[in-house]
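Undergrad: curious how this folds, go ahead:
(chains A and B)
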Amino acid sequence: MKLYINLIASFLIASISFAGDIELQNPSTNQKAPDFSGMNTYGEMIRLSNFIGKPVILEWTNHECPYVARHYDENNMQTVQKIAQDQEIIWLSIISSTPGDQGHVGPKKANELTVARGAYPSHVLLDESGEIGMLYGAKTTPHMFMIDANGVLRYKGAIDDIGRGMQFFDASFPKAVNYVSSQFPELLAQETLSTDSTVAYGCSVKYNYD
Amino acid sequence: MDRGSLAPLFLLQWFNMKNMKNVILVCSLLICSIVAANPVETGHARASLITNIENSTQESFYVGVRLEMQDGWHTYWENPGDSGSPFEANWKVSDGTVVENVQWPTPVTIPYPPLMTFGYEGDVVFPFKVFRSLDSPLEKINLEFNFLICADICIPESASLTLDLSLATPNLLLSEAVTELPTNFLQTNSSKDQENLKVTFQSSEEITSAYLFPKQDNLFIYSPSQKLVKLNDDTYEITVPLLSSDITFFSGILSLNGEGFQVEENLQSVSSMSLWQAILFALIGGLILNLMPCVFPVISLKVLSFVSMGGDDHAKIRTHALSFAGGVMSTFISIATALLIIRSSGSMIGWGYQLQSPIVVGILTLIMLGIGLVLLTNINFAAGLTTLGSSVQSRNDYSGSFFTGVLAVVVASPCTAPFMGAAIGYALLQPSFATLPIFIALGLGFAGPYLILALKPQWISALPKPGAWMETLKQFFAFPMIATALWLMWVFMVQTSGDALILLLILSLILGVAVWMIATFKGRWKWIGMIMTVITAFQIFNNLPASSTEMKADASAEKWSLEIESEMQSQNQAYLINFTAAWCITCQTNEKTALAREKVKEYLAEENITYVKADWTNRNEDIAIGLAKYERTGIPLYIFWKPGMRGSKILPAVLTEDSLIKSMQ
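TA: Residues are numbered from 1 along each chain as shown, chains lettered A, B, ... in the order given. The predicted structure is shown next:
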């Protein structure tokens, strides 16, 4: 019963708030990454296709999610962001939490978070409607996507290999295999990545469903 | 009302009394303030440790973690779905006590559209089975329980729980949770297309809701519902959307009207082999079968008879070769027909199944021994046993060749050559029209060398010229035959008992006397010898004990069960399964040349690979079902899996130390 209410509610809201498809898409790796545009925290429209020529990393985030919190508290996400920045890789942190739900922030708060955490995103995108999230099939925070300089989707999945299970909260970041930073060389070479798809872990993305 | 139905009421009253006592006990202990935390408030749930142990003489019982979650909060199943995490339980118990991994209750779907998660809401009990040695006293057990609890948001919470088993009283909630565990295995039959897996299953109950919870986290799209269709009276089908169409295996829990069943299916070979491919495999397999250790002694007979014809005219060689091939073919067709008839009666059958009957093994022993003795004596073996008693021995007796062909197949039946297992497995799981061609191909492959000889009789001259050496070689060939008889005797002993083996040995002695009489005397005495042989055969039918069902366990191997694969996979435990039987000589050869070698044992230990043995020496329906999952009906079959592999892998049918280790890397 709950399921039906949820479904009906989500269909209603979906049809009101945006004309998009309620279903999560599942873009294939090694094919063109779906193009999108979204508002950053400075009110600028950011379009993916404008970055052609540089690789792009998409990071789904929610600062209140315990998984994301651990990555930032222990400076793990920032470390990867810094490596990306040094190699002129564009980093887009995307917040798809719906207003009123966990992790939803306004532009001001988002910028404060970036400063307070010492993060290095190129842009933070506010995806309140969840449109970009659904387009990429973002399920969890964190959920990572890697796009090469030609706009080809090269990776989707978890940030590292320590995610599934409660072990995450004790596991060591330095000892983990970071699927993102460890594959930067291949990404820059515009090659097929050795690992191109993993199962993402973390909190669910707080989409607009009820 | 009978006693049985009253029993639960008595139990309930007894539990209540026990619980009252417990309350008093806890209260008095609270004053002493030594009671360890149980239950514990974790923030959004209350966690407590309970047990169903009833007395201190129980070697196995359950402990359970009861999690009473606040409204709207949930925790996760082993595969949490699109997000979340299963809990982690770290036990601290005294030596002599072992707590197994959790036995997951049937989960429910917890949708957060467009995402879907699998888990538990409200009040849930997670049962863990406990084994203890009775030497050690019941003591406290401690648990560090870490779990993710979510509503819209997720919070990792934890509880340190302690339960003193010596003071604990059985909790009905745990007993209930254990009875409701999804332990029954439900056979599914699935087919896939580009986008969906269609899973069919049978249920005598009316099914109104069904959901497959897959254990693997990378195979399916977790949709809010899975379309349920009733195909006929008791057959249903659900449609599960696929993430990738290269799925080869899945396992998990199928929830039917909220009741959970274990499911596990291997899809690997369903679409991987066509009829033509199966026929090709059968041809190659049949050809190789000539060289397999169990067939070689009989084949050597035939080779010898061709050599003895070396100087004869080609037409005769051709007819003999064709007779032999005819014997082979008609036997294969008879076997196929018999298998089809048995299958139509609904029994699970397999290749080599005939050797699961000690009577058949006993008769084969005597046949082998008989042939060995005939070779050692001066009976014309080409005419052999078929013309016993006839005063005129025809020089053109082709029935001897035919009989040798039949015999070769009968003796070959416990053997599986490479390629052949896959082909026969395919054949037996296909409709009848596909079964027969495959068996015919198998026969053609087996008889292949002789059919070529029939076409090109002149090639026989490539063999050495006949001479006195043939008598020596003929006698020598008696020993492979007797060796085969010894092997069959060992099979017979494993299946029955030492007493029965003595009986078989006595029958062998009588047979020996009979053969000697046939070889030595003429006329009347020959007849007496023949009658003795017949009586010998009858004795077997009359005096054999029923086969023993309990097999001797192999201490170095885990015992196989139908669910073992899904259990081990869920525990991330690598495993090697050996489907074997005493009567399968290829299996025995593999054990000697690979599986039982130190190097292999060391490798298994180093890599922490559990070695599992499924012994099919005696009839076993479960093993037949287990083999059918791999589209096999015969053995040997070796299955390997380690964490990271999507589905388990079938290893080659012929193993060496190095090839086995290499195939596990």
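
Undergrad: who's in contact with residue A:44?
TA: Under the criterion of C-beta atoms under 8 Å, 6 or more residues apart in numbering or on different chains, the neighbours of residue A:44 are residue A:123. Placement of C-beta: from N, CA and C, glycine included.

Undergrad: for the spatially most central residue of chain A, phi and psi?
TA: Nearest to the mean C-alpha position of chain A, counting by C-alpha atoms, centre = their mean, stands residue A:60 at 2.1 Å. Main-chain dihedrals, residue A:60, degrees, to the nearest 10: phi -80, psi 130.

Undergrad: same question, residue B:181
TA: phi -60, psi 140.

Undergrad: isn't it up against residue B:126?
TA: No. Applying C-beta atoms under 8 Å, one finds residue B:181 not in contact with residue B:126, separated by 10.2 Å.

Undergrad: which one of the two is surrounded by more residues?
TA: Neighbour totals were compared for residue B:181 and residue B:126, and residue B:126 leads with 21 against 15 (other C-beta atoms under 10 Å in any protein chain shown).

Undergrad: show me the contacts for the more buried one.
TA: When the contact criterion is C-beta under 8 Å, 6+ apart, the partners of residue B:126 are B:64, B:65, B:66, B:67, B:87, B:89, B:102, B:103, B:104, B:105, B:177.

Undergrad: next one, pLDDT for the residue nearest to residue A:67 when sequence neighbours are not counted please.
TA: Distances taken as C-beta to C-beta, 6 or more residues apart in numbering or on different chains place residue A:202 nearest to residue A:67, at 3.8 Å, with adjacent residues excluded. Note for residue A:202: predicted pLDDT of 92.

Undergrad: likewise for the one 4 residues further on?
TA: Among the per-residue scores, residue A:206 shows a pLDDT of 91.

Undergrad: can you list the residues of the stretch 51-200 of chain B near chain A?
TA: By C-beta under 8 Å from any C-beta of the partner chain, the residues of the stretch 51-200 of chain B that approach chain A are B:80, B:82-88, B:109, B:111-115, B:117, B:146-148, B:150, B:152-156.

Undergrad: what sits against the residue nearest to residue A:67?
TA: A:65, A:67, A:68, A:140, A:141, A:142, A:143, A:163, B:83.

Undergrad: could I have the buried ones of those residues as PyMOL selection syntax?
TA: Buried residues among the contacts of residue A:202 (16 or more other C-beta atoms under 10 Å in any protein chain shown), as a PyMOL selection:
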select buried, (chain A and resi 65+67+68+140+141+142+143+163) or (chain B and resi 83)
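
Undergrad: from the contacts of residue A:202, which land in strands?
TA: Residues from the contacts of residue A:202 lying in strands, with DSSP state E as the criterion: A:140, A:141, A:143.

Undergrad: what is the nearest of those residues to chain B?
TA: residue A:140 (4.6 Å; C-beta to the nearest C-beta).

Undergrad: okay, and which of the contacts of residue B:126 map to strands?
TA: Within the contacts of residue B:126, residues falling in strands by DSSP E are B:64, B:65, B:66, B:67, B:89, B:102.

Undergrad: confidence score at the fourth one?
TA: Predicted confidence (pLDDT) at residue B:67: the value is 96.

Undergrad: isn't it right next to residue B:75, touching?
TA: Yes. Assessed by C-beta under 8 Å, residue B:67 is found in contact with residue B:75 at 6.5 Å.

Undergrad: and for those two, which residues touch both?
TA: B:45, B:120, B:124, B:147.

Undergrad: any chance of those residues in CSV, plus neighbour count and secondary structure?
TA: Shown next, in CSV, are the shared contacts of residue B:67 and residue B:75 (neighbours: other C-beta atoms under 10 Å in any protein chain shown; DSSP: H, G, I helix; E, B strand; the rest coil):
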residue, neighbour count, secondary structure
B:45, 23, strand
B:120, 20, strand
B:124, 21, strand
B:147, 25, strand
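
Undergrad: using a markdown table, lay out these together with distance to residue B:375.
TA: What follows is the shared contacts of residue B:67 and residue B:75, written out as a markdown table (distance: C-beta to C-beta, whole Å):
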| residue | distance to residue B:375 |
| --- | --- |
| B:45 | 79 |
| B:120 | 71 |
| B:124 | 71 |
| B:147 | 73 |
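
Undergrad: which of the residues you listed sits closest to chain A?
TA: residue B:147 (6.7 Å).

Undergrad: quick one on the thing from earlier: pick out the lowest-pLDDT one from the contacts of residue A:202.
TA: Looking at the contacts of residue A:202 by pLDDT, the weakest one is residue A:163, with 87.

Undergrad: domain-wise, how is chain B divided?
TA: B:36-179, B:188-266, B:275-543, B:558-663 (automatic domain parsing).

Undergrad: next, see if the last one gets close to chain A.
TA: So that's domain B:558-663. No. Domain B:558-663 is not in contact with chain A by C-beta under 8 Å from any C-beta; minimum separation 10.2 Å.

Undergrad: any low-confidence regions in the stretch 401-550 of chain B?
TA: The model of the stretch 401-550 of chain B has pLDDT under 70 over residues B:413-418, B:428-432, B:466-467, B:537, B:539-550.

Undergrad: okay, helices next: where are they in it?
TA: Secondary structure of the stretch 401-550 of chain B by DSSP state H, counting those that start in this stretch: the helices cover B:420-428, B:432-455, B:469-495, B:498-520, B:524-543.

Undergrad: quick revisit: mean pLDDT for the domains of chain B: which is lowest?
TA: With a mean of 74, domain B:275-543 has the lowest mean pLDDT of those.

Undergrad: please name every helix or strand in contact with the strand or helix carrying residue B:251.
TA: In the assignment (DSSP states H and E), residue B:251 maps to strand B:249-256. Applying 3 or more C-beta pairs under 8 Å, 6 or more residues apart in numbering or on different chains; DSSP states H and E, one finds that strand B:249-256 contacts strand B:196-202, strand B:210-214, strand B:259-266, helix B:564-570.

Undergrad: residues touching the residue nearest to the centre of chain A, list them.
TA: By C-beta under 8 Å, 6+ apart, the residues touching residue A:60 are A:94, A:95, A:96, A:133, A:138, A:140, A:141, A:142, A:143, A:144, A:205.

Undergrad: so which of those residues also contact chain B?
TA: Counting by C-beta under 8 Å from any C-beta, A:140, A:205 from these sit close to chain B.

Undergrad: which of the contacts of residue A:60 lies closest to chain B?
TA: Of all the contacts of residue A:60, the one with the least separation from chain B (C-beta to the nearest C-beta) is residue A:140, at 4.6 Å.

Undergrad: partners of that closest one in the sheet?
TA: Residue A:140 has these beta-bridge partners by DSSP bridges: residue A:204.

Undergrad: hmm, it is touching residue A:205, no?
TA: Yes. Using C-beta under 8 Å, residue A:140 is in contact with residue A:205, at 6.5 Å.

Undergrad: overlap of the contact sets of these two?
TA: A:60, B:83.
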